[in-house]
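Q: could you work out the structure for the sequence below:
(2 chains)
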Amino acid sequence: MQRRNFLKQASLASTAMMVPSFLTGTSLGKLYKNRAGKILVVVQLSGGNDGLNTIVPYRNDLYYQNRPDLGIAKTEVITVSDELGFNPGLKSLRELFDQGQMSIVNNVGYPNPDRSHFRSMDIWHTASDSTDYLNSGWIGRYLDSNCQGCQSPYQAIEVDDTLSLALKGANRRGFAMSDPGRLKRTADNPILQAISKSARNDVDENKVGYLYKTLIDSESSADYLFAQSKKNHSSAAYPQSEFGQDMRTIAELITADTDTKIYYVSLSGFDTHANQRMRQERLLGQYADAMKVFVPDLKQNGLLDEVLILTFSEFGRRVKQNASKGTDHGTANNLFLMGGKLKKPGFFNEAPDLSQLDEGDLNYTIDFRKVYATILDKWLEAPVPAILGKSFPNLGLI
Amino acid sequence: MNRINQLYWRAGFGLSPDEWRQKQNWTVQKAVDELFNQAKNASPLPVPTLELDRDDKKTNREMFEQMRKDERQRVMNANTAWVERMADPKESALVERMTFFWHGHFACRSEQGKLGIQQLNILRQHGLGHFRDLVMGITQDPSMIRYLNNQQNRKEKPNENFARELMELFTLGRGNYTEMDVKEGARAFTGWSSTLAGDFVFRPLWHDYGVKTFFGKSGTFNGEDIIEHILSKPEAAYFITKKIYRHFVNDKVNEDKVKELAQQFFKSDYHIGKLMRSIFESEWFYAPENQGAKIKSPIELIAGMMRSLDFRLEQPLAHIFIQKALGQMLFNPPNVAGWPGGKTWIDNSTLTTRLSLPSFFFNSNEFTMRVKDEFEVVQAEGKMARKLAVKMNLTPLVNTIKSTTPEQIGQELAQYFLPIRPSIDLKNLMPILPNGDKPAQVAALAMRIMSLPEYQLC
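A: Predicted coordinates for the structure are as follows:
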């Protein structure tokens, strides 16, 4: 039986987090200095966002033939190139696009696609082949990779009350928190406080020690994140939607120089089997309206070059509309990158080819893991094969 | 830890206070015999029929959507009914526990009430019998057939999904078969399908009657033959034994023990009941390294709390919120590999929620957490479903406590609730105790002791 004073490390870290910011990074040394390196924000559109009605091929007859009711008329599309335009819901993104702060990557997918939400999301979260089942997520394995600062419990934060598989590693986990105030109230439960404060140092690391350590880390993280969230109240006009407020939380933590490298947030409801038009437009509007505030907020704080935002959905939808003015589950899709350091803003690659379908679905040309690999390598400076199981060629995205 | 307590936490969902009072001094042998005797009388769950909505005013799509919603509701009903059964001392603890184990092993998302319960009944029927019957049952189970796309497995265009998972996850594990075996095995299961009403059907026209080469042997094999070939390999016995060991004994595997048990399992023609008996009756099962070595899964945690505190949730749908928040929803595993278990149950959110649950229940709090995925049925119930309203019957618990001072009450409760000595001095939990009557003190202390990290273990 292994008995070590490992709890000391956790509680020591917890005191250190209370240390005023002028001390951090100096007398306490490397372990406690604020964020090192770049920040990644991942936005997940859950439910399978219809990519074809998000970035619309408004010059393509096949598009309108396949979608007689659902196709968005040329006059309504927000045109951004000779062949492609935005869903009207994305009008707030126009400015970011024109300013070169957005890259759109078309035809992203993976071999042998799975049309189940759960399974396909699983594949995106774990970055596995579609015949493999992994228990850990790609961001979790990034935390496992001993990245600088990865020993801190809030190196990756999911802005939600529960943690997604993407942020669960074999040894380390991300941190779930929908709102720092709420987190603090939960942590201030007197019983939990009494327990975390009175744990003996000789707890059995193999059994209950892991739970005590997680509890102590959670309690101290709650204090730290709450204090961070109070440092800089953003005056930017974030939308009142839940997603808008989630983006505000992220912006406030980033501008407070919080020691967190990855933020993960979701917007759900994209499973539009029926009456898709209004619903998708409303959801895309929520997304775009929040990003329209978030990106300039970062820029104003001189942080846009430090932040990369990745937006994805677990799959696109079938090319043909269904009988309920909606779309069913499909395969390849587009994804967005935003930030100040994009190598190829605008459209990164060719529009989807609607004449070459695979049983009614779009063919993918870019494996999503190449996008992950590029971000891990070029942005987070992390070892790709250790995290993704193999190497992938870099895309010239960032 | 008391051996009887450990046995009942692993072979069931803990002991109710009455069971604890009655059985704590039993011999292991007597308790194991009782568990197996009780298992003989377990009854299956009633299978509902599939409701087909026939409203002529509705379009097919609307009828389909309505049916899907109704069936999801019924799966949730089956879910909560099952948790209540796990918590019920009158039911067979061992049968419920074995069914729960196999439910995680043959992981399958069920989207219809009838299919979900039908599948559970297969697991209940054979869960302590011969593994062969279990595999055969699940291979012909409509819910699994649909989940693993065997509906699409036809002679002209075989679908390998079922054959692959049968070998990789259900019987052999990776490295014990080739891609060729997957291809050829899939051919043998062509035409194993299910009807619209949710019953198994063999469709001869879809079946490939040709010669297949499987594990180096050639013949016109059908699905039964493939299962026989698989089970003729000792690797299958090892694979299953290891999984059972990790679930019931310890996530850290003792290879020698597993090999020994696996040989025995193989020789017994895969008799699961015999395997379980030899684990529960062994001396090493109760060794210190195996005490408190398991992190309770969310379902084990909830069912155990209900059993100890004798309550049900007045809003059964609240179970769904808790299960989603803690990461284990019955009939809804993350994928066909099941719940990975162990430390993966724990992150800052699940741990804080787990530790706060006792106070949620004791105070009938509202469950305010955001949970992932939309689920319309529960949303329709709105806030009501989030109310963790319970009426506990604490009399049995109070009656098991002989002591009168808070310190001694705490010690007694710790013996009942915790698998190992707590890592904090219980004195730290004593402040602000209600003074005066024993029932109030027992309740307050029970809540605090159940909030200890040690209560997460068994």
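Q: can we go C-alpha only for contacts and neighbour counts from here?
A: Noted.
Q: low pLDDT regions in chain A?
A: For chain A, applying pLDDT under 70 flags the ranges A:1-34.
Q: give me every residue in it lying close to chain B.
A: Neighbours of chain B within chain A, by C-alpha under 8 Å from any C-alpha of the partner chain: A:118-119, A:122, A:133, A:135, A:160-163, A:168, A:170, A:173-177, A:186-187, A:191-192, A:194-195, A:198-200, A:202-203, A:207-208, A:211-212, A:214-215, A:217-218, A:268-269, A:324.
Q: find the residue at the geometric middle of the chain.
A: Let's take chain A. residue A:42 (1.6 Å; C-alpha atoms, centre = their mean).
Q: not what I meant, chain B
A: Most central in chain B (C-alpha atoms, centre = their mean) works out to residue B:100, at 2.5 Å.
Q: of the residues of chain A next to chain B, which belong to helices?
A: Within the residues of chain A next to chain B, residues falling in helices by DSSP state H are A:118-119, A:122, A:186-187, A:191-192, A:194-195, A:198, A:211-212, A:214-215, A:217-218.
Q: do you have the strands of the stretch 101-250 of chain A handy? List them.
A: Shown for the stretch 101-250 of chain A, the strands assigned by DSSP state E, counting those that start in this stretch span residues A:102-109, A:156-158, A:175-176.
Q: does anything pack onto the first one? Which helices or strands?
A: Of the remaining helices and strands, those touching strand A:102-109 by 3 or more C-alpha pairs under 8 Å, 6 or more residues apart in numbering or on different chains; DSSP states H and E are strand A:333-339, strand A:346-347, strand A:366-367.
Q: get me the contact residues on chain B for chain A.
A: Contact residues (C-alpha under 8 Å from any C-alpha) of chain B with chain A: B:61, B:292-294, B:325, B:334-335, B:337, B:340, B:344, B:346-352, B:355-356, B:369-374, B:423-425, B:428-429, B:448, B:451-454, B:457.
Q: can you select the buried ones from the residues you listed in ChimeraX?
A: Applying 16 or more other C-alpha atoms under 10 Å in any protein chain shown to those, the buried members can be selected in ChimeraX as follows:
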select /B:292,293,294,325,334,335,337,344,346,347,348,349,350,351,352,355,356,369,371,372,423,424,429,448,451,452,453,454,457
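Q: so residue A:226 touches residue A:178, yeah?
A: No: assessed by C-alpha atoms under 8 Å, residue A:226 is found out of contact with residue A:178, at 11.6 Å.
Q: for chain A, give me its nearest residue in chain B.
A: Residue nearest to chain A within chain B (C-alpha to the nearest C-alpha): residue B:424, separated by 4.9 Å.
Q: got the phi/psi numbers for that residue?
A: Main-chain torsions, residue B:424, degrees, to the nearest 10: phi -120, psi 160.
Q: right, and it touches residue A:202 too?
A: No: using C-alpha under 8 Å, residue B:424 makes no contact with residue A:202, being 9.9 Å away.
Q: phi, psi of residue A:352?
A: When read as degrees, to the nearest 10, the backbone of residue A:352 gives phi -60, psi 150.
Q: isn't it right up against residue A:105?
A: No: here residue A:352 does not reach residue A:105: they are 10.3 Å apart, not a contact under C-alpha under 8 Å.
Q: ok but residue A:279 is inside a helix, no?
A: Yes: remark: residue A:279 belongs to a helix, assigned using DSSP: H, G, I helix; E, B strand; the rest coil.
Q: residues near it, how many?
A: By other C-alpha atoms under 10 Å in any protein chain shown, 16 other residues sit near residue A:279.
Q: do the one 5 residues further on as well
A: Counted with other C-alpha under 10 Å, the burial measure for residue A:284 works out to 23 neighbours.
Q: what do you get for residue B:101?
A: When neighbours are defined as other C-alpha under 10 Å, residue B:101 has 18 of them.
Q: ok, and the closest non-adjacent residue to it?
A: residue B:247 (7.6 Å; C-alpha to C-alpha, 6 or more residues apart in numbering or on different chains).
Q: now residue B:140
A: Excluding the flanking residues, the one nearest residue B:140 by C-alpha to C-alpha, 6+ apart is residue B:200, at 6.0 Å.
Q: coming back round to it: among the strands of the stretch 101-250 of chain A, which is nearest residue A:233?
A: Taking C-alpha to C-alpha, strand A:156-158 is the member of these nearest to residue A:233, at 19.0 Å.
Q: which elements pack onto that closest one?
A: strand A:175-176, strand A:262-268.
Q: quick one: the helices in the stretch 201-350 of chain B, in order.
A: Read by DSSP state H, counting those that start in this stretch, the stretch 201-350 of chain B holds these helices, from start to end of the chain: B:223-231, B:234-248, B:255-267, B:272-280, B:298-309, B:318-326, B:348-362.
Q: and the second one, which residues are buried?
A: Neighbour-count burial for helix B:234-248, with 16+ other C-alpha under 10 Å as criterion, is recorded at B:235-248.
Q: tally of neighbours for residue A:190?
A: A total of 11 residues lie near residue A:190 under the criterion other C-alpha under 10 Å.
Q: which strand or helix spans the spatially closest residue to residue B:442 that is not a sequence neighbour?
A: In this structure, residue B:442 finds its nearest non-sequential neighbour in residue B:398, 6.3 Å apart by C-alpha to C-alpha, 6+ apart. Per DSSP states H and E, residue B:398 falls inside helix B:395-400.
Q: can you list contacts of that helix?
A: B:17-18, B:21, B:308-309, B:438-439, B:442 (C-alpha atoms under 8 Å, 6 or more residues apart in numbering or on different chains).
Q: make a ChimeraX selection of the buried ones in the residues of chain A next to chain B.
A: Typed into ChimeraX, the line below selects the buried ones among these, using 16+ other C-alpha under 10 Å:
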select /A:118,119,122,133,135,160,161,162,163,168,173,174,175,176,177,186,187,191,192,195,199,200,202,203,207,208,211,212,214,215,217,218,268,324
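Q: which residue ranges form the strands in chain B?
A: B:192-194, B:200-202, B:212-214, B:217-219 (DSSP state E).
Q: in JSON lines: those strands, plus mean pLDDT.
A: Putting the strands of chain B into JSON lines (pLDDT from 0 to 100) gives the following:
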{"stretch": "strand B:192-194", "mean pLDDT": "97"}
{"stretch": "strand B:200-202", "mean pLDDT": "97"}
{"stretch": "strand B:212-214", "mean pLDDT": "98"}
{"stretch": "strand B:217-219", "mean pLDDT": "98"}
